[in-house]
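**Q** give me the fold of what follows.
(one chain, ligands or ions: 1)
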Amino acid sequence: MGEKFHQPVDAAKVPRFAGHATFMRLPAVASAEGLDIALAGIPWDGGTTNRAGARHGPREVRNQSSLMRSTHHVFKTEPFKIANIADVGDLSVNPIDLLDGLKLIEGGVADIVNAGALPLCVGGDHLTTLPVLRAVARKAPVGLIHFDAHSDTNDTYFGDNPYTHGTPFRRAIEENLLDPRRVVQIGIRGSIYSPDEHDWAKAQGVRIIYMEEFSARGPEAIMAEVRDIVGDAPTYVTFDIDSIDPSMAPGTGTPEIGGFTTREAQDLVRRLDGLNLVGADVVEVAPPFDLAGMTAIAGATILFELMCVMARQVDRCRLR
Ligand SMILES: [Mn+2]
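**A** Take a look at the predicted model:
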């Protein structure tokens, strides 16, 4: 164990501000062949309805991820020793053609899945999760744990346009990529378009945990329920950085006050440990609206937390 896997650049030898910026300072590789977890950028925000800029997310999350070290301080997990992880680069995208963009992203994730690796993606806006789900749920619908300020289950925008970052999970349920009874959304808040905005999702069986309920019940009780909902079956995790309060993560397209602290967000992600994850993503980091890189640091750290949970899963499955 250990050196047979890809290792990050040693910060005691090459300072963190030097060299090529890759996720976690891992090697950049051409394909996911031989990897357990593939870190991939999806620099695409073609579904953004208001403040664009998440297309710049992967590059800045790579930059700030140079701050991550080799060991998770709570789990004591050394992810790079128990799983083979690398940066497979950015997936191909098309910034001027939405439907082609979705097709390209799906193809890029399918390559990762077909290579036998778990995709861990950095968006991009939240519409990028739809083509990711098309690739990971090709054979059967999966469950979803969705951290967000917004439900993202609206029907159409600007007339009858079905594909925006406010609609991906409605499309994913319609396309049978998600089992709606195994979909749970946490952190939902902010003004909505109408009193019945979330009725469609609830009618499908989606469990929506509003921020007020999270505050009242706390992370332990909430995540115990989340784990009951998704069970042992394959589950995808999507983390919208706007679930974190804009005082701690202002660099995002649709900020909503009253969000998670970064500490709560870390706690929530750690409570995913032991689940059966088929992939995960961190989306909606929009560097043009960021201050001092703080949102990208939050994104990179949540990415590290997710990576550690996934690496522990890889290790568990190998030992089984
Ligand atoms: Mn979202």
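
**Q** who in the protein is up against the ion?
**A** His126, Asp148, His150, Asp152, Asp240 (Cβ under 5 Å from the ion). For the C-beta atoms, the positions are set from N, CA and C on the backbone; glycine is no exception.

**Q** take these and keep only those in strands.
**A** Counting by DSSP state E, these place Asp240 in strands.

**Q** most neighbours among the residues of the chain next to the ion, which one is it?
**A** Among those, the one with the most neighbours (other Cβ atoms under 10 Å) is His126, at 30 neighbours.

**Q** with adjacent residues omitted, what lies nearest to that one?
**A** Of all residues not flanking His126 in the chain, His165 sits nearest, at 4.1 Å (Cβ to Cβ, 6 or more residues apart in numbering).

**Q** what's next to whichever strand in the chain runs longest, contact-wise?
**A** Criterion DSSP E: the longest strand present in the chain is strand 178-188. Strand 178-188 has contacts (Cβ atoms under 8 Å, 6 or more residues apart in numbering) with 133, 137, 141-151, 169, 172-173, 198, 201, 204-211, 214, 222, 225-226, 229-231, 233, 235, 243, 259-260, 268.

**Q** ok, and for that strand, which residues are buried?
**A** Neighbour counts using 16 or more other Cβ atoms under 10 Å place Leu178, Asp179, Pro180, Arg182, Val183, Val184, Gln185, Ile186, Gly187, Ile188 of strand 178-188 among the buried residues.

**Q** report the distance from it to the chain centre.
**A** With Cα atoms, centre = their mean, to the nearest Å as the basis, strand 178-188 stands 14 Å off its chain's centre.

**Q** next SSE after it?
**A** Beyond strand 178-188 in the direction of the C-terminus, DSSP states H and E gives the next helix or strand as helix 199-204.

**Q** name the next helix or strand following that next one along the chain.
**A** Later in the chain than helix 199-204, the nearest helix or strand by DSSP H and E is strand 207-210.

**Q** after that following strand, which helix or strand is next?
**A** helix 211-230.

**Q** one step back: report the two of the buried residues of strand 178-188 separated the most.
**A** Asp179 and Gly187 (21.0 Å; Cβ to Cβ).

**Q** so how far is Ser151 from the residue in the stretch 151-300 of the chain positioned nearest to the ion?
**A** Using Cβ to the ion, the closest approach of the stretch 151-300 of the chain to the ion is made by Asp240 at 3.7 Å. For Asp240, the distance to Ser151 equals 11 Å [Cβ to Cβ, to the nearest Å].

**Q** for the closest residue to Pro162 other than its chain neighbours, give me the pLDDT.
**A** Distances taken as Cβ to Cβ, 6+ apart put Thr156 closest to Pro162, at 5.5 Å, once the chain neighbours are dropped. We note a pLDDT of 96 for Thr156 in this prediction.

**Q** and stretch 39-58, average pLDDT?
**A** On average, stretch 39-58 scores 98.

**Q** buried set for it?
**A** By neighbour count on 16+ other Cβ under 10 Å, the buried set for stretch 39-58 is 39-49, 52-58.

**Q** cool, stretch 238-254 as well?
**A** Using 16+ other Cβ under 10 Å as the test for burial, stretch 238-254 gives 238-246, 248-254.

**Q** tell me, how many neighbours does Arg59 end up with?
**A** 15.

**Q** hmm, it is touching Pro43, no?
**A** Yes. At 7.0 Å, Arg59 counts as touching Pro43 under the criterion of Cβ atoms under 8 Å.
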